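sequence below, structure please.
(2 chains)
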2 protein chains.
Amino acid sequence: MKMLQEKITHEGIVLSEEVLKVDSFLNHQVDPQLMQAIGHEFAERFGQEGITKILTIESSGIAPSVMAGLTLGVPVIFARKRASLTLNQNLLSAEVKSFTKKETNTISVSGDFLTAGDTLLIIDDFLANGQAALGLLDIAEKAGAKVAGIGIVIEKGFQPGGQLLRNRGVRVESLAIVESLNGGHVTFRKEAQPK
Amino acid sequence: MKMLQEKITHEGIVLSEEVLKVDSFLNHQVDPQLMQAIGHEFAERFGQEGITKILTIESSGIAPSVMAGLTLGVPVIFARKRASLTLNQNLLSAEVKSFTKKETNTISVSGDFLTAGDTLLIIDDFLANGQAALGLLDIAEKAGAKVAGIGIVIEKGFQPGGQLLRNRGVRVESLAIVESLNGGHVTFRKEAQPK
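Residues are numbered from 1 along each chain as shown, chains lettered A, B, ... in the order given. The predicted structure is shown next:
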């Protein structure tokens, strides 16, 4: 997705060969126009799949998901990383290991909102080691819901998550795939550049 | 806002005389169409104020804020409740006491994205004791930014936050004000019903 790649090129900050900071438009400050374009793009790619709900994870997955949900006309559910006062019954949970933070978190979704009749589009901001996506797939499976695919805003193609998910037969659509961050420079994978 | 009040009446769950659960459209599952309508309403109410940025707090403030930002054509910044790998420098922070969870959290915004030239609209999902809003006001003040007002989706009018903020001279616009949750029933304050 050209608009996204240009934004990454102009505003992304390469902190190391593994870490790309996009706090100016995705992970802290959010660009609503870009999120709308991203939502449209996800809706276009998955529009024929009979999606009934979008499943994402707080916090950075929410903005692109709500825009995709608006276009597709379906609700969004965001998995919570912490228990809340009102979210404490009928929980579907999964463990998510964070390699960067070296910790494991439990993410949870209420079983009230995910059912065996649902066809889900899973959306997340980043795909690196794939642990968050695996956790969301696990939750979908516990609900008995079908997963039509996974939509990712930025995939770090040099980390194993994308391959891991595709090897499982899951359709993964990444709007930008970063091939490397070597030399302080963002290089995109070619196949992610049709738009 | 009539559409919001109807949603609360039909889908809100009164858990106690103090706790209203709206997990089906705002705090866990999110209704994108309703969020869009809420965004439009905030944009209409604050559209003449020269807003340059929206400031909110993760996670439930993000969806209504991004929709308001889309309509107003301005970026959204969400304060983080936890430090992140990439958000660790030039931080503007504030302490936020949670009465329900009986804990105090530090919320943070990068000073890279808030400046003395900004005119902010602060948006949050709920207003109860006002602690989150006070924390966001504190952060805005540390940045030297002007605050045009605070937009709240649901104000619990029987808790002191709304009065506290209005007594400070801050313009607070709540799209629904819950007068009481007594008897397991949601009663709205009359002045919130013009739309």
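
which regions of chain A sit below the pLDDT cut-off?
A:83-86, A:191-195 (pLDDT under 70).

do the longest strand belonging to chain A and chain B meet?
Ordering each strand of chain A by length in residues (DSSP state E) puts strand A:146-156 first. No. Strand A:146-156 stays clear of chain B (CB under 8 Å from any CB of the partner chain), getting no nearer than 12.9 Å. Backbone N, C-alpha and C define where each C-beta goes, glycine included.

quick one: distance of that strand to the chain centre.
Centre-to-centre, strand A:146-156 and its host chain are 6 Å apart (CA atoms, centre = their mean, to the nearest Å).

spatially central residue in chain A, please.
Geometric centre of chain A, nearest residue: A:Asp124, 1.1 Å, by CA atoms, centre = their mean.

what residues does the closest residue to that residue other than its chain neighbours make contact with?
Spatial nearest neighbour of A:Asp124, chain neighbours left out: A:Gly61 (4.8 Å); criterion: CB to CB, 6 or more residues apart in numbering or on different chains. Residues near A:Gly61 by CB atoms under 8 Å, 6 or more residues apart in numbering or on different chains: A:Phe78, A:Ile123, A:Asp124, A:Asp125.

ok, 6 Å please
A:Ile123, A:Asp124, A:Asp125 (CB atoms under 6 Å, 6 or more residues apart in numbering or on different chains).

what kind of secondary structure is the last one in?
Right, A:Asp125. Following DSSP: H, G, I helix; E, B strand; the rest coil, A:Asp125 is assigned to strand.

any idea how many residues pack against it?
Using other CB atoms under 10 Å in any protein chain shown, A:Asp125 has 21 neighbouring residues.

that one: what's it in contact with?
So A:Asp125 contacts A:Leu26, A:Ser60, A:Gly61, A:Val153 (CB under 6 Å, 6+ apart).

tell me the two of those that are most distant?
For the contacts of A:Asp125, with distances taken as CB to CB, the pair at the greatest spread is A:Leu26 and A:Gly61 (10.0 Å).

around chain B, which positions in chain A sit nearby?
A:21, A:23, A:28-32, A:35-36, A:58-59, A:62-63, A:66, A:69-70, A:75-77, A:85-87, A:100, A:110, A:113 (CB under 6 Å from any CB of the partner chain).

picking up where we left off before, now do the residue nearest to the centre of chain A against chain B, distance only.
From A:Asp124 over to chain B the distance is 14 Å, taken as CB to the nearest CB, to the nearest Å.

got phi/psi on A:Gly135?
phi -60, psi -40 (degrees, to the nearest 10).

quick check, A:Ala68 in a helix?
Yes. According to three-state DSSP, the state of A:Ala68 is that of a helix.

can you get me a residue count around it?
So A:Ala68, with other CB under 10 Å, has 30 neighbours.

all helices of chain A, in order?
According to DSSP state H, chain A carries its helices in the segments A:2-11, A:32-46, A:62-72, A:131-143, A:161-167.

which one of those helices is the most hemmed in?
helix A:62-72 (a mean of 27; mean count of other CB atoms under 10 Å in any protein chain shown).
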